[in-house]
Every structure is written in C-alpha cells, then in structure tokens.
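1. Sequence plus the predicted model coming up.
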Amino acid sequence: MRLLTPSETSLAALLLRQGGLVAVPTETVYGLAANGLDPLAVARIYAAKGRPADNPLILHVDGLEAAWPLWSLNDVQTARLVRAATLWPGPLTLVLPASSSVPAVVTAGLSTVAVRVPNHPVTLAILTEVGFPVAAPSANRSGWPSPTSAEHVARQLSGHIDAVIDGGLCGVGVESTVVDLGAERVRILRPGAVSPEVLEELLGEPVVRYEAAFIGASPGLRHRHYRPDVEAVVPLLDPVSAWQSADALIVFASTAGALASQMGERAAHTEVLPDSADGAMRALYAALVGVGTSGARRVQIELPDADRHSDSAWDAVRDRLGRATR
Ligand code: AMP
Ligand code: MG
C-alpha cells in the first residue's frame with residue numbers, strides 16, 4: 001500500500017482508472033474509493049473490507065451535474081433533489097431511484113442508489129480528474145470503527161488496498177446523514193451532521209426522524225458496526241464504580257471533570273469526548289480506536305444523556321456509541 005501526499009491526486013486518479021482501491025479523505029471519514037461503474041473494481045471494495053454483499057455503497061461525484069445520470073426521477077423527487085443538493089458539497093447522502101447505468105453490485109440489488117458530493121478539496125480534485133462516479137464506503141474493515149485519519153486506514157487496510165492519500169484529520173468525524181428522498185415521506189436512514197430540522201427547512205416538508213426500525217430500509221444498519229477491538233464493550237451505567245475500575249473508559253468532558261475532582265485522576269485508559277455535539281462527533285472514532293489499542297479487555301462507554309444531550313444534533317453520536325456497545 002502506497003502512502004500518497006495530498007498533492008498526488010493525479011496518481012490516485014490513475015490508480016482508480018486502472019481499477020484500483022484508494023482510500024481518500026473526506027470531511028466525514030476516510031472513504032475506500034473505486035470506479036463506481038466498474039463492477040470488478042467495486043467487488044474489490046467488498047473483499048478488502050470484508051463487507052457483506054447486501055450492504056450497498058454510496059457513489060461520490062464532484063457536483064450535482066454529475067449526479068443526474070445516476071438517477072431516474074419523477075417531478076416530486078426532482079424538486080426535492082434540487083433543494084437538498086444546495087447542501088452539497090457536504091455530509092449529506094441522497095437516496096433516490098437508480099438509473100440503469102448503476103451496476104447492481106453498487107446498490108446490492110436495490111432499485112435505489114445513494115449519492116453524495118464530499119466537501120474535501122483533495123477528493124473533489126480526484127473526482128473531477130477521473131470523471132466517473134466513485135463508490136466509497138468508510139475505509140475500515142467491516143464492523144470496525146470508521147477511520148478519521150490516514151493512519152487509522154493504514155492500520156486496518158494495509159495490504160488490502162493500493163494506496164491511501166493523507167488529507168489530515170476529518171473535520172466532521174462521523175459518516176454522512178443518509179436521507180431517502182424517493183419514498184412518499186422523506187426520511188432519515190442514518191443520522192449524521194445534517195439535522196432533520198435543517199432538511200425540513202430546506203425541503204419545506206416534514207422529515208421522518210431516524211429510528212432503528214428503519215434497519216430494513218438501509219441494509220448497512222443490520223450489521224455489527226463501530227465496535228472497538230476490545231473483548232467487552234458495555235454502556236457506562238455507574239460512573240463512580242466505572243471511574244474506580246481498571247476498565248478503559250469513554251466519557252464526556254463534564255463527567256470526567258466531575259469524577260476527577262471527586263476521586264482524583266485514574267490510571268486506566270480514559271478517552272474524553274467534548275461536551276458539544278460537533279466536538280463529540282469529531283473525536284468519537286479516534287476514541288474508539290484509542291480504547292482498541294490500549295490493551296484493555298473491557299471498555300465502558302458513556303452514552304449521550306436523555307436530558308443533557310436530547311436535541312437532534314446528538315442523534316449521530318447516540319447512534320454510533322449505542323451501536324458500538326450492542
Ligand atoms: P458506509 O459507506 O460504510 O458509510 O455505508 C453506507 C451506508 O449507506 C450504509 O448504511 C448503507 O446501508 C446506506 N445505503 C447505501 N445505499 C443505500 C440505498 N440505496 N438505500 C438505502 N441505504 C443505502
Ligand atoms: Mg461504514
């Protein structure tokens with residue numbers, strides 16, 4: 001696996017044109033890119049990740065112009081798309097009926113396809129240079145935490161992919177909001193940094209909030225995900241005994257501060273998440289990777305609190321941490 005600098009976009013584009021696999025930075029997490037119109041290249045993504053074949057991929061393009069041919073839309077869907085796409089480039093993936101140009105291996109046989117324009121200069125340059133849509137799921141081994149640095153990618157996929165291009169740390173830190181614009185009622189299939197309130201404002205219609213009950217509609221949600229490399233991963237229920245234990249912990253800053261002033265610093269591995277939703281999103285996967293490499297056999301994870309963290313800005317953190325402990 002080659003480690004490319006952010007200026008080596010032409011080499012990354014060449015590898016993609018040859019059917020190779022290149023991990024690329026985006027504002028959400030690192031993606032594992034391949035030519036989305038080449039079924040053999042796409043099949044390599046599934047193999048490298050150990051991804052179940054029923055979990056469809058997101059196609060990445062450099063703008064709305066390049067997205068149109070991937071879909072086959074009615075008037076209502078077109079009007080929704082035009083409004084929602086004003087958030088592109090950004091952490092928003094749109095699901096709509098696929099056109100016949102999209103290979104079945106991308107959609108895992110579904111009649112819809114998910115498309116996004118990532119907001120990262122390096123990857124936008126690569127997308128413009130190749131001129132084809134790039135399939136890119138998160139660049140982790142299936143089931144493991146998503147990578148937010150080139151180093152995290154290398155740790156999981158070195159030996160399985162052709163290159164990773166180092167674009168620094170991801171600014172958002174959790175995967176895109178996935179929204180289904182094709183169904184009768186618009187609905188969130190995966191919570192991310194774009195909130196349902198922002199979408200409602202933009203679309204001028206109600207948006208059905210994310211619920212675990214949608215798992216059938218977004219196949220990726222069925223599978224074990226985000227789990228750190230630790231034998232036991234459990235929700236933190238009793239802060240005082242957790243603080244005194246030898247377990248690794250992932251806790252919010254306010255909790256860590258209160259416990260430390262009460263009982264002093266702890267010796268065991270402790271990952272502290274910022275108290276803001278944005279900050280927690282950005283730090284979340286590095287914390288999961290951190291406990292995985294700490295040597296701990298058990299980790300307790302503080303889940304967002306129903307009172308302190310109730311608004312929809314916390315949906316993505318609640319979802320990822322909740323599923324990491326399941
Ligand atoms: P990843 O790229 O690893 O972040 O995963 C992509 C996510 O998007 C998974 O949760 C998929 O289930 C979801 N997804 C991709 N394509 C579709 C689609 N056509 N319909 C619904 N969900 C999709
Ligand atoms: Mg993923």
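-> Perfect, thanks for sending it. Ligands and ions are numbered 1, 2, ... in the order given.
2. show me the contacts for the closest residue to residue 103 other than its chain neighbours.
-> In space, residue 103 comes closest to residue 39 once its chain neighbours are excluded; the distance is 4.6 Å by Cβ to Cβ, 6 or more residues apart in numbering. Every residue, glycine included, has its C-beta placed from N, CA and C. By Cβ atoms under 8 Å, 6 or more residues apart in numbering, residue 39 lies in contact with 103, 104, 105.
3. Can you give me the pLDDT of residue 39?
-> Residue 39 is assigned 98 on the pLDDT scale.
4. Let's have the contacts of residue 39 in a markdown table, adding pLDDT and neighbour count.
-> A markdown table is the format used below for the contacts of residue 39 (pLDDT from 0 to 100; neighbours: other Cβ atoms under 10 Å):
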| residue | pLDDT | neighbour count |
| --- | --- | --- |
| 103 | 98 | 20 |
| 104 | 97 | 12 |
| 105 | 97 | 20 |
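5. mind listing which of those residues are in helices?
-> Cross-referencing the contacts of residue 39 against helices under DSSP state H gives 104, 105.
6. measure the residue nearest to residue 103 to residue 186 for me?
-> 30 Å (Cβ to Cβ, to the nearest Å).
7. before we move on, the earlier item: show me the subset of the contacts of residue 39 that also lies near ligand 1.
-> Counting by Cβ under 6 Å from any ligand atom, the subset of these that neighbours ligand 1 is empty.
8. Would you map the strands across the chain?
-> Assigned by DSSP state E, the chain shows strands spanning 2-4, 22-24, 31-35, 58-60, 92-97, 112-116, 134-135, 163-165, 177-180, 187-190, 232-235, 248-252, 270-273, 298-301.
9. I'd like those as a markdown table, with distance to residue 12 and mean pLDDT appended.
-> Below are the strands of the chain laid out as a markdown table (distance: least, Cβ to Cβ, whole Å; pLDDT from 0 to 100):
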| stretch | distance to residue 12 | mean pLDDT |
| --- | --- | --- |
| strand 2-4 | 6 | 98 |
| strand 22-24 | 5 | 98 |
| strand 31-35 | 8 | 98 |
| strand 58-60 | 13 | 98 |
| strand 92-97 | 22 | 98 |
| strand 112-116 | 18 | 98 |
| strand 134-135 | 10 | 98 |
| strand 163-165 | 5 | 98 |
| strand 177-180 | 25 | 98 |
| strand 187-190 | 27 | 96 |
| strand 232-235 | 34 | 94 |
| strand 248-252 | 33 | 98 |
| strand 270-273 | 32 | 98 |
| strand 298-301 | 35 | 96 |
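10. Dump those strands to a markdown table, plus distance to ligand 1 and mean neighbour count.
-> Below are these laid out as a markdown table (distance: least, Cβ to the nearest ligand atom, whole Å; neighbours: other Cβ atoms under 10 Å):
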| stretch | distance to ligand 1 | mean neighbour count |
| --- | --- | --- |
| strand 2-4 | 21 | 17 |
| strand 22-24 | 12 | 29 |
| strand 31-35 | 7 | 28 |
| strand 58-60 | 5 | 26 |
| strand 92-97 | 4 | 24 |
| strand 112-116 | 3 | 25 |
| strand 134-135 | 9 | 28 |
| strand 163-165 | 16 | 25 |
| strand 177-180 | 5 | 25 |
| strand 187-190 | 5 | 22 |
| strand 232-235 | 19 | 15 |
| strand 248-252 | 21 | 24 |
| strand 270-273 | 21 | 21 |
| strand 298-301 | 20 | 23 |
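11. Show me the one of those that comes nearest residue 322.
-> Nearest to residue 322, of all those, is strand 232-235, at 8.1 Å by Cβ to Cβ.
12. who are the neighbours of the longest helix seen in the chain, in terms of helices and strands?
-> Under DSSP H, the helix in the chain containing the largest number of residues is helix 277-292. Helices and strands touching helix 277-292, by 3 or more Cβ pairs under 8 Å, 6 or more residues apart in numbering; DSSP states H and E, are helix 150-157, strand 248-252, strand 270-273, helix 315-324.
13. what residues does it touch?
-> Outside helix 277-292, the residues touching it (Cβ under 8 Å, 6+ apart) are 29, 145-149, 152, 155, 169-174, 193, 226-230, 248, 250, 252, 269, 271, 273-274, 299, 304, 309, 311, 313-314, 316-317, 320-321, 324.
14. hmm, 7 Å instead?
-> By Cβ atoms under 7 Å, 6 or more residues apart in numbering, the list of residues contacting helix 277-292 from outside reads 29, 145-148, 152, 172-174, 193, 226, 228-230, 248, 250, 269, 271, 273-274, 299, 313-314, 316-317, 320, 324.
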